[in-house]
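*Asks:* generate coordinates for the sequence data below:
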Amino acid sequence: MKLVFVHGWSVTDTETYGDLPEALVARSGVPIDVQHIHLGRYISFHDEVSMDDVTRAFNAALVDTLGDGAGNIAPFSCVTHSTGGPVVREWIRRFYWHLGAPIVPLQHLVMLAPANHGSSLAALGKKRVGRIKAWFQGVEPGQRILDWLCLGSEGQWRLNEEALLHAAGAEGFYPFVLTGQAIDHKFYDFLNSYLVEKGSDGVVRVAGANMNCGFLQLQQTDHALSEDPLVYSLVPEGGLRRPAPIPLGVVPDASHSGADIGIMNSVTVANAGEKPVVDEILKCFDVQSPGDYQQRLQDLAQLTAASQQGGARYLMVVFQVRDDRGETIRDYDLLLLGEGYAPERLPKGFFVDRQFNALSGRLVYYVNADLMREMPALGFRVEARPSEGFSHYAMAEFRSDGLNVADILKANETLYVDIVLRRRVSKNVFEFGPVSEKPFSFKKLKPSTDLLP
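*Replies:* This is a model prediction of the structure:
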């Protein structure tokens with residue numbers, strides 16, 4: 001078996017993985033041909049370098065390393081860490097899905113602590129993120145890469161939505177996510193609470209690593225829920241979409257990085273038997289059929305339940321607000337609604353964090369999943385601006401009437417909510433008037449209550 005290790009941005013040697021490659025070879029019952037690809041050799045950290053640039057360079061690296069001379073890449077399995085997971089997934093999207101090729105040469109993709117839905121740390125900015133040794137090892141990332149990693153980015157939304165169209169475990173491609181939620185306090189800088197955030201490994205949230213996610217589109221209707229204030233209902237369009245289930249394993253006592261409990265670089269040949277991640281990776285490599293994949297899904301679900309027993313679980317909700325003309329709305333207030341669809345009746349202690357992505361206009365909530373899932377009802381209220389004038393938006397509200405809240409909000413997952421508001425345009429934005437011999441002014445013309453359809 002050919003095994004490729006994809007190293008992170010700041011890596012110049014295999015030290016970042018500790019002895020993990022050697023430990024896998026030592027504990028495996030089959031020969032493993034280990035190859036290393038260092039992303040840092042193929043990109044600079046200049047601000048103009050994009051995720052697309054990185055995936056093209058990654059493809060070139062694979063052709064150089066595993067190519068047959070004719071551009072074909074030999075079958076291989078892959079272990080990634082952190083940002084390496086999304087890089088490989090973007091490579092699959094660009095070089096196979098977009099070209100209509102259902103079969104990829106990648107057989108097993110084992111992602112360790114991947115930032116599939118970004119990292120809360122990315123919003124801190126280049127300089128501060130570069131100083132966080134738990135992530136970028138003191139190297140300042142390029143701005144466009146950091147933009148991709150910010151919660152709620154366009155790249156994350158596109159990648160995870162397109163993944164809905166391609167069932168994991170089909171055509172011999174088997175992805176897995178192994179992550180931790182322990183904190184190595186040596187990396188804490190006392191100025192950044194994200195490094196000790198609940199439900200994360202100090203860099204990536206479990207909900208941000210998990211490839212299992214949901215997409216829900218809500219359309220504003222002409223049905224008024226109340227007259228004062230005027231609020232129209234939001235109703236689901238097309239139902240809740242989810243990918244085919246993808247194995248997630250929360251590894252006990254594992255942080256993002258570090259020589260003590262880091263999910264990868266704390267592994268040595270001597271302690272490999274005591275590090276659960278080693279055997280879990282090897283079990284992923286043993287998967288050779290859809291039946292094996294389903295068994296791995298169940299086994300890792302049991303591992304996750306055991307690792308999280310007695311503790312709270314969390315989820316992320318990414319809100320996108322736009323209008324029915326396709327325009328992104330960035331100026332809005334969004335409230336979560338609890339029992340009785342009142343914002344003041346949310347469960348005590350549910351809220352953990354909130355971030356707004358200025359580039360995409362998306363709002364990301366991080367909440368206690370166990371508390372939220374116990375609610376009898378769930379709602380979202382949106383007040384977008386402008387809220388009056390010739391072109392404006394009316395308030396909108398989603399109510400989960402008849403829907404099971406636990407089916408919408410999944411622990412350890414990310415939910416993408418696409419809210420589509422009606423752009424309300426007065427008919428007298430443009431109108432023909434009677435012929436008049438004298439000039440007349442329409443400067444003080446007020447918006448008509450008669451709206452365009």
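*Asks:* walk me through the domains of this protein.
*Replies:* 2-211+246-307, 314-427 (automatic domain parsing).
*Asks:* of these, which is nearest residue 240?
*Replies:* Nearest to residue 240 among the domains of the chain is domain 314-427; the distance by CB to CB comes to 6.6 Å. Any C-beta I mention is one placed from the backbone N, CA and C, and that applies to glycine too.
*Asks:* picking up where we left off before, right, so of the domains of the chain, which gets closest to residue 444?
*Replies:* domain 314-427 (13.0 Å).
*Asks:* okay, now the unreliable bits of the stretch 1-150 of the chain?
*Replies:* Scanning the stretch 1-150 of the chain with the threshold set as pLDDT under 70 gives 8-18, 37-45, 102, 137-140.
*Asks:* and what of the stretch 251-400 of the chain?
*Replies:* For the stretch 251-400 of the chain, counting by pLDDT under 70, not a single residue falls below.
*Asks:* redo that, cut-off 90
*Replies:* 257-259, 265, 390 (pLDDT under 90).
*Asks:* need the domains of the chain in TSV with mean neighbour count and distance to residue 220, can you?
*Replies:* What follows is the domains of the chain, written out as TSV (neighbours: other CB atoms under 10 Å; distance: least, CB to CB, whole Å):
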stretch	mean neighbour count	distance to residue 220
domain 2-211+246-307	19	20
domain 314-427	18	5
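*Asks:* mind checking which of these is nearest residue 237?
*Replies:* Short answer: domain 314-427, nearest of the domains of the chain by CB to CB, at 7.6 Å.
*Asks:* tell me how far the closest one lies from the chain's centre.
*Replies:* 17 Å (CA atoms, centre = their mean, to the nearest Å).
*Asks:* just the helices in the stretch 251-400 of the chain please.
*Replies:* Listed in chain order, the helices of the stretch 251-400 of the chain (DSSP state H, counting those that start in this stretch) span 276-285, 290-307, 369-373.
*Asks:* need those in CSV with distance to residue 158, can you?
*Replies:* Formatted as CSV, these follow (distance: least, CB to CB, whole Å):
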stretch, distance to residue 158
helix 276-285, 26
helix 290-307, 25
helix 369-373, 25
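*Asks:* where do the helices sit along the stretch 101-250 of the chain?
*Replies:* Using DSSP H, counting those that start in this stretch, helices in the stretch 101-250 of the chain cover 126-130, 143-149, 154-162, 206-209.
*Asks:* which helices and strands does the longest one pack with?
*Replies:* Secondary-structure packing of helix 154-162 (3 or more CB pairs under 8 Å, 6 or more residues apart in numbering; DSSP states H and E): helix 84-92, helix 143-149, strand 213-227, strand 414-421.
*Asks:* the same query, at a cut-off of 7 Å, please.
*Replies:* Judged by 3 or more CB pairs under 7 Å, 6 or more residues apart in numbering; DSSP states H and E, the packing partners of helix 154-162 are helix 84-92.
*Asks:* could you check the angle the helix it packs on makes with helix 154-162?
*Replies:* In terms of direction (axes from the mean of the first three to the mean of the last three CA atoms, to 10 degrees), helix 84-92 departs from helix 154-162 by 60 degrees.
*Asks:* what about residue 19, distance to residue 268?
*Replies:* 4 Å (CB to CB, to the nearest Å).
*Asks:* next one: residue 35
*Replies:* 21 Å.
*Asks:* out of everything not next to it in sequence, what's closest to residue 121?
*Replies:* Of all residues not flanking residue 121 in the chain, residue 194 sits nearest, at 5.3 Å (CB to CB, 6 or more residues apart in numbering).
*Asks:* what's the answer for residue 385, then?
*Replies:* residue 331 is the one closest to residue 385 (CB to CB, 6+ apart), at 4.4 Å.
*Asks:* also residue 105?
*Replies:* residue 73 (4.4 Å).
*Asks:* which residues does that neighbour form beta bridges with?
*Replies:* Beta-bridge partners for residue 73, by DSSP bridges, are residue 67.
*Asks:* need the contact list for the closest residue to residue 115 other than its chain neighbours.
*Replies:* Closest residue to residue 115 apart from its sequence neighbours, by CB to CB, 6+ apart: residue 204 at 5.1 Å. Listed by CB atoms under 7 Å, 6 or more residues apart in numbering, the contact set of residue 204 reads 82, 113, 115, 119, 179, 256.
*Asks:* for residue 341, same thing?
*Replies:* Per CB under 7 Å, 6+ apart, neighbours of residue 341: 377, 379, 399.
*Asks:* now with 10 Å, please.
*Replies:* 225, 335, 377, 378, 379, 380, 381, 397, 398, 399, 400, 401 (CB atoms under 10 Å, 6 or more residues apart in numbering).
*Asks:* and stretch 273-293, how far from the chain's centre?
*Replies:* That offset, for stretch 273-293, works out to 24 Å (CA atoms, centre = their mean).
*Asks:* measure it end to end?
*Replies:* Stretch 273-293 has an end-to-end distance of 24 Å (criterion: CA to CA, to the nearest Å).
*Asks:* all strands for the stretch 1-150 of the chain, in order.
*Replies:* Here the stretch 1-150 of the chain has its strands, by DSSP state E, counting those that start in this stretch, at 2-7, 33-38, 76-81, 106-112.
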